[in-house]
Each structure stands twice: as C-alpha cells, then as structure tokens.
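Student: give the three-dimensional model of this entry:
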Amino acid sequence: DSVRCFLALTASLKLQIHQMEVDTAFLNSDIDTEVYVRQPPGYINGEHPDYVWKLKGGMYGLKQAPLLWNTHMNDTLLSFGFTRHPGEYGLYFQKSCDGLVLVALYVDDLLIATPSVQMMKLMKALLSSSYSMKDLGPVNKFLGMTINQSSDAITLDLSDYITSAAHTAQIDMSKKVYIPLSKSVDLFGDDSPLLTNVTPYQSLVGQLLFAANAGRPDISFAISTLSRFLKSPRKIHLAAAERLFQYLYTTRHYCLRYEIGHPISLNIFTDASTPSKDDLPFSTGGYVTTMSGGTVTWSSRKITSTVCLSSTEAEYIAASEAVKETEWLVNLLDYMELKIDTPKIYIDCQPALQLAKNPVFHSRAKHIPLHYHKIRFEAAKGKLILEKIGTNDQPADMMTKALARDKVEYFAGKIMDTNSRLRGIC
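Tutor: Next up, the predicted model:
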C-alpha cells in the first residue's frame, strides 16, 4: 500500500523518482548487545582454535540485523534533516526551497522523489557520503513491480512478473481468459478428488496473492476465495487457480495509473454482498480507494466479526471498515501538511447510506456493534462526505463476488488502466 501511495503522491506533486541501493547494508550498523561467533573455516587461529569472535557490528544471519540496519539508516536520514512519518515508518519527508522531498525505505532499497534535478543530485551525494551506494537511476523495477514515468502519468504494472512466472508455471497460456473466476463452477463441492500433492497449488496461490496485493485489485476476490482451500485443495481448485493465472496473462498489460499534477483527493468505493450458501452465515465486504486518479488500496474479505442480518447491515459494516483505511491515508497526508478535499465514500445501498447519516431504522440496527458506527461519527464531524452511487457503477462490486465478463471489464477499467497497451505505456 505504501509504495502505491508514494507513487500517487509523487505524481500529484510532479516529483521525479530515482532508485538507489545500499551495498552490504547490514554491515553498516553497530551491534546493540554482546554477540560471539565461532571462528569461520579458513580463519581459525592455530594457537587458540577454541577462541570465539566478538562482533563489533551487524552481520547477515543475525535475527536483529534488519532492525539494527533500519535504526542506523533512520539516524542517518534524520541527520540530513528528514522527518520520519510516525504512521508509516518507511516514509521520510523534508521541505526544501524547491518543494517537498520524499524518501521511501524498503530494507536496503530507497526510492527518492525530488522536485528538481539539483535536489536529486544533492540527495544522492549525501547518501553516497555515508554509505557505499548503487545509483540505479530513474525507478523502473522495484519489489517485482514495473514502474514507468512519463510527462503525463506514473504507472505501475506486473507484466514482467506475470510473464516470468508464466514461463515456470507450466500452464497453457495460449488460451485467452477474460474473467478471474467462473460463476458456474462450484468450488465448495466434494465431487472433485483431493490433490495428492498440494505443493503446486500452494505455490501457484502464493504467486497469485503477490499479484493481487501488489497491483492487480481485479483478482482480489478470486484469490481470496481460492486461498480458503490451501490446506486440502481439490483438482477443481487447481484448475481454477490455473485459469486465474491465464486471466492474469491475458490481461498482463493492465496497470495502475497516477496522473501527473492531479489534485490530491481521496475517493473510497465500498460494497458488500449477502452470503452465498457456501459462505453462510458471513457476508463479504470490500473497498477500493483512489488517489491522484489511480487506485492505491483495496480489500476483499469476509466479515467474520459478526453475522449480518441484512444487506443493509453488511453494506454499513463494510463502509465502516473502509473508514479506517481512509483515516490512515488522511493522517499520512495531514502529517506532511498536504491539504486535500474532504474524502468521499461511495455506497450503492440507499438504506445503508441513510443509516450512516442518521440513526434511522433504530429497532433493526441497534444490535450492530458500536465500533461499526464509526462512519456515522466521522460523517457527523464533517470528515467524510457520503455519496450514493448506482450499483452498475460501483467498482467495489468486483471485490465481493464473481461477475460476468462485461462487468469485469467495465469495473476493471474504472480502477485500472486497461488500455495502456494501445498507448504503449505498460
């Protein structure tokens, strides 16, 4: 989530992004306690073979090495005048005469966003004076994602990851598939035989989970469903996972797109579905959050904390869950003193919308746990604007159920750039 928020923010602020990597990062930190190791082969003292070495700094293999390195880099960035965001420990920012400078830290990889070429050179010089650094130039590949910067947008796609995974998956990718999950296949039946070897299925689901979490919100509901069968998968589940991979390969050019100079604004689309016979008694809720014209966060999960007695209750609870994500994003921006318009939450259920605005239907809603009334509390304070959206225009619908091809393509086009291949972007 933080990578996409970083990209959306840099697009709105018209910043350029470069990437740097720290060589042997863990070896730069000091040790915080006494640690002794055996003498390694080839370096054993002949006179004292039973002696041990006392470490003076961190090293790879120590369980505390990542934390020691993070502390060391944090101290370095603070000495440069940066402020660490308390709500996102990997994000640092500093106000310069040219504008806002951002640094995103992911272990030994850094994304640096600056408003000018001169500031970028200064940042690289500062880091290179403290560590042995690799300058990777404008960001292109990061954590398995492909990031492209142009004069009008920053895009994030997984086309290279999907293509590489497809070559090793031993799945026929020549077949074109245009929906993530078939509505006609019963995944919860007992007719299909159990798999004798569950490893291939678990490996495939792991790859699909990465794609769903990194940059493909359109497969979130499908992979959430398939993940329920990791313990005892059947042949029908493996076939569905392979089919989902074929869908990913067919649509591998889909990408997330953040418009350069787009006003910083938050729009949250939230939806819920009534439980099917296989999910009883739990409903499924989901949301999609957009910033800078592109999707930054999303979720698809069962509402297991309570049993929803109506579709209104399910929609109301799903919207309240989305409010927590909204608060995180608003706090992220407020701490950096970035002004935004009041976030808007779009709900397609009129009774749920009325319930969020006023305590109507009290006799039918008084049993709802108190913490789910957070949406009403935040809306009353003016921190949220509640909006009605038509069911046929609700992109969060694809987070809660399997859909037909026409709806999959329509909603995917609302939360992603599905025409990027025609423009040669992704």
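Student: report the buried residues of the lengthiest helix in the chain.
Tutor: Ranked by residue count under DSSP state H, the longest helix found in the chain is helix 311-335. Buried residues in helix 311-335, counting neighbours by 16 or more other C-beta atoms under 10 Å, are found at 312-323, 325-327, 329-330, 332-333. To be clear about C-beta, it is placed using only N, CA and C from the backbone, and glycine gets the same treatment.
Student: same check on stretch 378-387?
Tutor: 378-379, 384, 386.
Student: put the alpha carbons of that stretch into PDB.
Tutor: As requested, the backbone C-alpha atoms of stretch 378-387 are provided in PDB (Å, rounded to 0.1, in the frame of the first residue of the first chain):
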ATOM      1  CA  GLU A 378     -16.800  10.700  11.200                       C
ATOM      2  CA  ALA A 379     -19.500  11.900   8.800                       C
ATOM      3  CA  ALA A 380     -21.200  13.900  11.500                       C
ATOM      4  CA  LYS A 381     -17.900  15.700  12.200                       C
ATOM      5  CA  GLY A 382     -17.600  16.600   8.500                       C
ATOM      6  CA  LYS A 383     -14.500  14.400   8.000                       C
ATOM      7  CA  LEU A 384     -16.300  12.400   5.300                       C
ATOM      8  CA  ILE A 385     -18.800  13.100   2.600                       C
ATOM      9  CA  LEU A 386     -21.200  10.200   1.900                       C
ATOM     10  CA  GLU A 387     -22.300   9.800  -1.700                       C
END
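Student: pull the number of nearby residues for Thr163.
Tutor: The tally of other residues near Thr163 (other C-beta atoms under 10 Å) stands at 13.
Student: do the same with Ser164
Tutor: For Ser164, the neighbour count with other C-beta under 10 Å is 12.
Student: check which helix or strand covers it.
Tutor: For Ser164, the element it lies in under DSSP states H and E is helix 159-169.
Student: kindly report the same for Asn70.
Tutor: Under the criterion of DSSP H and E, Asn70 resides in helix 65-79.
Student: what lines up beside the helix or strand just after that helix in the sheet?
Tutor: Heading C-terminal from helix 65-79, the first helix or strand you meet, by DSSP H and E, is strand 83-84. Applying DSSP bridges, strand 83-84 is found paired with strand 91-95 (antiparallel).
Student: what's the angle from the strand it pairs with to helix 65-79?
Tutor: Inter-element angle recorded for strand 91-95 and helix 65-79: 10 degrees (by axes from the mean of the first three to the mean of the last three C-alpha atoms, to 10 degrees).
Student: list the helices and strands the following helix or strand past strand 91-95 packs on?
Tutor: Once the chain leaves strand 91-95, the next helix or strand it forms, by DSSP H and E, is strand 100-106. If contacts are counted by 3 or more C-beta pairs under 8 Å, 6 or more residues apart in numbering; DSSP states H and E, strand 100-106 sits against helix 2-12, helix 65-79, strand 91-95, strand 109-114, helix 117-130.
Student: what strands line up against strand 100-106, and which way round?
Tutor: Counting by DSSP bridges, strand 100-106 is paired with strand 91-95 (antiparallel), strand 109-114 (antiparallel).
Student: picking up where we left off before, need the residues that contact the helix holding Asn70.
Tutor: 22, 25-26, 28-32, 58-59, 62, 84, 89, 92, 103, 105, 107-108, 130-131 (C-beta atoms under 8 Å, 6 or more residues apart in numbering).
Student: can you list the weak-confidence ranges in the chain?
Tutor: The chain contains residues with pLDDT under 70 at 275-280, 308-309, 360-365, 369-371, 420-426.
Student: helices along that one, start to end?
Tutor: Residue ranges of the helices in the chain, as given by DSSP H, are 2-12, 65-79, 117-130, 159-169, 199-214, 220-226, 235-250, 311-335, 350-357, 362-365, 374-380, 405-415, 420-423.
Student: of the helices and strands packed on strand 100-106, which is nearest Phe210?
Tutor: Relative to Phe210, the nearest member of these by C-beta to C-beta is helix 2-12, separated by 12.9 Å.
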